[in-house]
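K.L.:
I would like the atomic coordinates for the input below:
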Amino acid sequence: MRQNGPVFDFDEVLARSTRSAVHLEMRDSYAADNETGRYAEWKAGKRYDPNDRASWWRPWHSLISETVARGLVVRRARIVSEPVSQYIRFEYDGTFMNVAAGELVSWLPRRQASDLALPGNDFWVFDGGIVRFGHFSGDGEYLGEEWTEAPTIADLCSSAFEAVWQRATPHGEFKV
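P.N.:
Reported below is the predicted structural model:
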């Protein structure tokens, strides 16, 4: 995929952020055809024990934990179809890991988002000014990212995220 705007490093942008990092996910599957890795293990019945942190803690969780410890608020909202897909059940079952790292995670049924103006792709917004779009194929394969600092796009994504967040249900209260 060709990058049309500035190129940033995710970890560096997160490290430079001082207030917030928000992430909106809108797909019902991500690389769901991948028959190896954690999703395949989950489909085969493997579940992570929240009390056995060493078995599931990953570099991502360390990064988020360190980020939250320095005062950054990290929020993730997921818009999902209902009934949820098998992949979303997998994500839901593993969300305790994100929460343990310090992320705030909420869920919004897609039918409750019909009247919201949403960008066409999943995104991150850092400090309300830098946006990272994630691009995926129709079957959920990651195709690459695109970054922008365009104020109108950052404002659109920030307001879209806040509209979703306002309606969404916190992870601890959401049931699949």
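
K.L.:
How far off centre is stretch 125-138?
P.N.:
10 Å (C-alpha atoms, centre = their mean, to the nearest Å).

K.L.:
Kindly list the single helix or strand of this protein that scores lowest on mean pLDDT.
P.N.:
helix 38-43 (a mean of 92; mean pLDDT, DSSP states H and E).

K.L.:
need the next SSE after that one, C-terminal direction.
P.N.:
helix 53-56 (DSSP states H and E).

K.L.:
Please list the outside residues in contact with that next one.
P.N.:
Helix 53-56 has contacts (C-beta atoms under 8 Å, 6 or more residues apart in numbering) with 48-49, 94, 97, 100. To be clear about C-beta, it is placed using only N, CA and C from the backbone, and glycine gets the same treatment.

K.L.:
can you pull the buried residues of the helix or strand following it?
P.N.:
Using DSSP H and E, the helix or strand that follows helix 53-56 towards the C-terminus is helix 59-69. Buried residues in helix 59-69, counted by 16 or more other C-beta atoms under 10 Å: 61, 63-64, 67-68.

K.L.:
From the contact counts, what lies against helix 59-69?
P.N.:
Helix 59-69 is packed against helix 10-16, strand 73-80, helix 86-101, with contacts defined by 3 or more C-beta pairs under 8 Å, 6 or more residues apart in numbering; DSSP states H and E.

K.L.:
Compare the ones you listed and give me the one nearest residue 23.
P.N.:
strand 73-80 (4.5 Å; C-beta to C-beta).

K.L.:
Okay, angle between that closest one and helix 86-101 too, please.
P.N.:
170 degrees (axes from the mean of the first three to the mean of the last three C-alpha atoms, to 10 degrees).

K.L.:
In this protein, where is pLDDT below threshold?
P.N.:
Within the chain, the stretches with pLDDT under 70 are 1-5, 32-34.

K.L.:
hmm, 80 instead?
P.N.:
1-6, 32-36 (pLDDT under 80).

K.L.:
measure residue 170 to residue 75 for me?
P.N.:
From residue 170 across to residue 75, the span is 10 Å (C-beta to C-beta, to the nearest Å).

K.L.:
just to revisit the earlier point, of the helices and strands packed on helix 59-69, which stretch is the most buried?
P.N.:
Ranked by mean neighbour count, the helices and strands packed on helix 59-69 are led by strand 73-80 with a mean of 21 (mean count of other C-beta atoms under 10 Å).

K.L.:
For it, which strands pair with it and how are they oriented?
P.N.:
Strands that pair with strand 73-80, judged by DSSP bridges, come out as strand 20-25 (parallel), strand 104-109 (parallel).

K.L.:
Just the residues contacting the first one, thanks.
P.N.:
So that's strand 20-25. Contacts of strand 20-25 (C-beta under 8 Å, 6+ apart): 14, 67, 72-79, 118-119, 122-128, 157-158, 160-161, 164-165.
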